[in-house]
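whatever this is, show me its structure:
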Amino acid sequence: MTKLSVNINKIATLRNSRGGDNPNIVQVAKDCERFGAQGITVHPRPDERHVRFADVYALKETVNTEFNIEGNPQHQYMDLVLATKPTQATLVPDAIGALTSSAGWDTIEYQNYLIDIISELKKNGIRTSIFVDADKRMIEGAAKTGTDRIEFYTEGYAKDFLSNPEAAIKPYRQCAILASELGLGINAGHDLDLRNLNYFYKNIPQLLEVSIGHALICDALYYGLENTIQLYLRQLK
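Model (predicted):
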């Protein structure tokens with residue numbers, strides 16, 4: 001079974017655009033779970049331009065499914081994660097001020113750094129996942145860090161899917177097979193949507209979780225949040 005974790009960053013962006021507390025991010029998380037989501041994802045950034053650190057503490061008290069906190073494991077992120085102890089910490093090599101995630105880790109260059117971070121997280125009972133590109137060398141490097149899972153950065157797949165699905169999925173499938181052989185769980189996220197999700201799901205063995213935010217919230221403007229979550233869940237069958 002592949003779980004759907006809904007990234008609610010865009011809900012926080014909408015709230016922040018007018019101040020106040022509408023929409024209420026905690027209530028949206030509860031509703032996503034009620035509508036069938038099997039996880040909630042947030043990606044707080046240092047400037048708090050969408051999800052705020054206070055939101056993370058509030059969500060920790062209310063999320064009943066899997067709670068996944070993404071981010072660059074610098075001091076603010078690590079303090080937050082160790083204080084809230086989510087189900088999963090997904091480590092992303094975002095530059096400060098980055099608009100969105102744009103690349104996976106170089107698990108060779110940053111291997112020792114990742115080993116130290118992952119060791120600290122796992123000592124605190126937090127499952128770890130690291131954001132990686134579909135590159136066999138990076139998968140092999142990831143396995144040496146002690147991480148529980150990898151999360152495929154899927155922007156390249158989404159871009160190439162429109163013109164050549166078979167070519168788009170090939171490196172991800174090859175890397176997924178290698179990851180499974182090395183004992184790594186497999187997650188995926190970034191630009192997955194209703195057009196490309198089912199093909200990805202059908203071709204990636206042992207896919208445990210997809211984290212989807214931007215596309216899902218955009219679709220919800222037309223289809224409604226409850227219906228949209230159900231539409232995405234159907235792509236994972």
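
for the residue most central in space within the chain, helix, strand, or coil?
Geometric centre of the chain, nearest residue: residue 211, 4.2 Å, by CA atoms, centre = their mean. Following DSSP: H, G, I helix; E, B strand; the rest coil, residue 211 is assigned to strand.

look at it and report its pLDDT.
At residue 211, the pLDDT value in this model is 98.

convert the C-alpha atoms of the host helix or strand of residue 150 to PDB, please.
Using DSSP states H and E, residue 150 sits in strand 149-153. Provided in PDB are the C-alpha atoms of strand 149-153 (Å, rounded to 0.1, in the frame of the first residue of the first chain):
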ATOM      1  CA  ARG A 149      14.200   5.800   3.400                       C
ATOM      2  CA  ILE A 150      14.900   7.900   0.400                       C
ATOM      3  CA  GLU A 151      12.500  10.300  -1.300                       C
ATOM      4  CA  PHE A 152      12.800  10.600  -5.000                       C
ATOM      5  CA  TYR A 153      12.800  14.200  -6.300                       C
END
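
so where do the helices sit in this protein?
Ranges of helices within the chain are 9-18, 25-34, 53-60, 75-84, 111-123, 136-143, 155-161, 165-181, 197-203, 214-223, 225-234, based on DSSP state H.

mind putting these into TSV with mean pLDDT and mean neighbour count?
C-beta coordinates here come from the backbone N, C-alpha and C atoms, glycine included. Converted to TSV, the helices of the chain look like this (pLDDT from 0 to 100; neighbours: other CB atoms under 10 Å):
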stretch	mean pLDDT	mean neighbour count
helix 9-18	96	17
helix 25-34	98	19
helix 53-60	98	16
helix 75-84	97	16
helix 111-123	98	16
helix 136-143	98	19
helix 155-161	97	18
helix 165-181	98	17
helix 197-203	98	18
helix 214-223	98	17
helix 225-234	98	17
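
as TSV, those helices with distance to residue 43 would be great.
Converted to TSV, the helices of the chain look like this (distance: least, CB to CB, whole Å):
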stretch	distance to residue 43
helix 9-18	6
helix 25-34	13
helix 53-60	10
helix 75-84	10
helix 111-123	16
helix 136-143	20
helix 155-161	15
helix 165-181	21
helix 197-203	19
helix 214-223	11
helix 225-234	18
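
nearest to residue 190, out of those helices?
helix 155-161 (4.9 Å; CB to CB).

need the pLDDT of residue 95.
Reading off the model, residue 95 has pLDDT 61.

coming back round to it: count the neighbours of the closest residue to the residue nearest to the centre of the chain other than its chain neighbours for me.
Excluding its sequence neighbours, the residue lying closest to residue 211 (CB to CB, 6 or more residues apart in numbering) is residue 189, at 3.8 Å. Around residue 189 there are 26 other residues, counting by other CB atoms under 10 Å.

beta-bridge partners for residue 189, please?
With DSSP bridges as the criterion, residue 189 is bridged to residue 153, residue 211.

that one against residue 154, yeah?
Yes: with contact defined as CB atoms under 8 Å, residue 189 reaches residue 154; the gap is 6.4 Å.

could you measure residue 171 against residue 189, distance?
According to CB to CB, to the nearest Å, residue 171 and residue 189 sit 16 Å apart.

go on, residue 180?
With CB to CB as the criterion, residue 180 and residue 189 are 18 Å apart.

again, but for residue 220
Using CB to CB, residue 220 is found at 17 Å from residue 189.

again with residue 70
To residue 189, residue 70 is 9 Å away according to CB to CB.

do residue 157 as well
Going from residue 157 to residue 189 by CB to CB gives 11 Å.
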